[in-house]
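*Asks:* coords please:
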Amino acid sequence: MELVARLRSWCFDLFFYTFTISLFIILWIPVVLLPRRFCVLWFKTWTHIIMYALKLIVGLDYKVVGKEILDEALKNGPVILACKHQSVWETLIFSTLVDRFVIVLKKQLVQIPGYGSYLIKLNSIVIDRSNSIKSLKSLLKQGHQAISNNMSILIFPEGRRGNYGDPVKLQSGIGVIYKELNVPVVPIALNSGKFWARRSRFKRAGCITMEFLDPIPAGLPKGEFLPLLQERMETACAKL
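*Replies:* Got it, this is the predicted structure:
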């Protein structure tokens with residue numbers, strides 16, 4: 001059974017790279033030249049196809065819990081989406097769940113030929129991890145622009161992917177961002193690493209669960225906000 005699972009995972013990788021690279025080449029010029037909404041539509045369509053392929057080839061499906069919590073929070077304006085980070089999976093799925101958002105990502109991703117053009121066109125917030133102070137200033141500047149344009153911000157507050165079952169380890173930057181942008185934070189728990197682990201190409205059959213948790217209102221002191229965010233994310237992840 002293990003051999004079959006690995007073969008299915010390999011077949012998905014073959015499809016993923018062949019389909020994605022071909023599509024990026026075909027649509028690179030239209031996406032670069034046409035308005036951002038075309039790029040958003042393309043990315044959302046691509047994500048739906050990739051998720052269907054994961055289910056069909058690997059047997060890896062997903063379910064979303066608490067989507068109504070997110071929808072209700074977004075009625076009052078943009079939010080910060082603070083998501084647990086265990087896998088590549090959660091960097092893909094959000095385009096199918098949220099219409100207006102930008103993602104915070106590392107500089108190396110926009111340097112990938114072709115793919116980087118799409119990320120830039122999506123108005124992604126790009127940070128340089130090698131210079132933490134400069135990155136934070138850039139993040140705040142771009143974050144204010146996103147909020148003023150009614151765009152929510154997706155951030156992985158741990159800074160990097162962790163292993164399934166690891167405790168939540170928040171970076172201090174999320175506290176600064178929360179204070180400066182003055183919008184609610186929607187914590188997000190998941191268990192993607194159980195099926196598609198950090199730094200692993202092997203994907204297991206199963207069902208990833210993503211859960212949107214109750215928003216943390218804007219305006220709390222940093223000393224109260226950080227422990228509350230950590231407790232909510234860690235408690236929910238432990239149940240998954």
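
*Asks:* continuing past the helix or strand encompassing Cys207, what's the next helix or strand?
*Replies:* Cys207 is part of strand 206-212, with elements assigned from DSSP states H and E. Counting by DSSP H and E, the element after strand 206-212 in chain order, helix or strand, is helix 222-239.

*Asks:* in that next one, what's buried?
*Replies:* By 16 or more other C-beta atoms under 10 Å, the buried positions in helix 222-239 come out as 225-226, 229-230, 232-234, 236-237. (Glycine included, C-beta is placed from N, CA and C.)

*Asks:* same thing with stretch 124-144?
*Replies:* 124-127, 135-136, 138-140, 142-143.

*Asks:* What about these, which are in helices?
*Replies:* 135-136, 138-140, 142-143 (DSSP state H).

*Asks:* got a list of what Leu70 touches?
*Replies:* Neighbour list for Leu70: 81, 97-98, 186, 212 [criterion: C-beta atoms under 8 Å, 6 or more residues apart in numbering].

*Asks:* how about those, which pair is most distant?
*Replies:* Greatest spacing in those, by C-beta to C-beta: Leu97 and Val186 (11.2 Å).

*Asks:* Which one of those two is surrounded by more residues?
*Replies:* Taking other C-beta atoms under 10 Å, Leu97 and Val186 do not tie; Val186 has more neighbours (24 against 18).

*Asks:* how about the helices in the protein?
*Replies:* Using DSSP H, helices in the chain cover 2-33, 36-53, 67-74, 89-93, 107-110, 115-121, 132-148, 173-181, 222-239.

*Asks:* Model confidence score at Lys84, please.
*Replies:* Listed pLDDT for Lys84 reads 95.

*Asks:* What about Lys44, how many residues nearby?
*Replies:* Counted with other C-beta under 10 Å, Lys44 comes out at 15.

*Asks:* doesn't Thr96 make contact with it?
*Replies:* Yes. Checked against C-beta atoms under 8 Å, the pair Lys44 and Thr96 is within contact range at 6.0 Å.

*Asks:* Next up, the contacts around the residue nearest the centre of the chain.
*Replies:* The residue lying closest to the centre of the chain (C-alpha atoms, centre = their mean) is Thr91, at 3.5 Å. Contact criterion C-beta under 8 Å, 6+ apart gives 103, 105 as the residues in contact with Thr91.

*Asks:* swap in Cys207?
*Replies:* 60-63.

*Asks:* Quick one: residues contacting the closest residue to Pro78 other than its chain neighbours.
*Replies:* Take Pro78 and drop its neighbours on the chain: the residue closest to it by C-beta to C-beta, 6 or more residues apart in numbering is Ser152, 4.3 Å away. Taking C-beta under 8 Å, 6+ apart as the criterion, Ser152 is in contact with 74, 78-81, 98, 100-102, 146.
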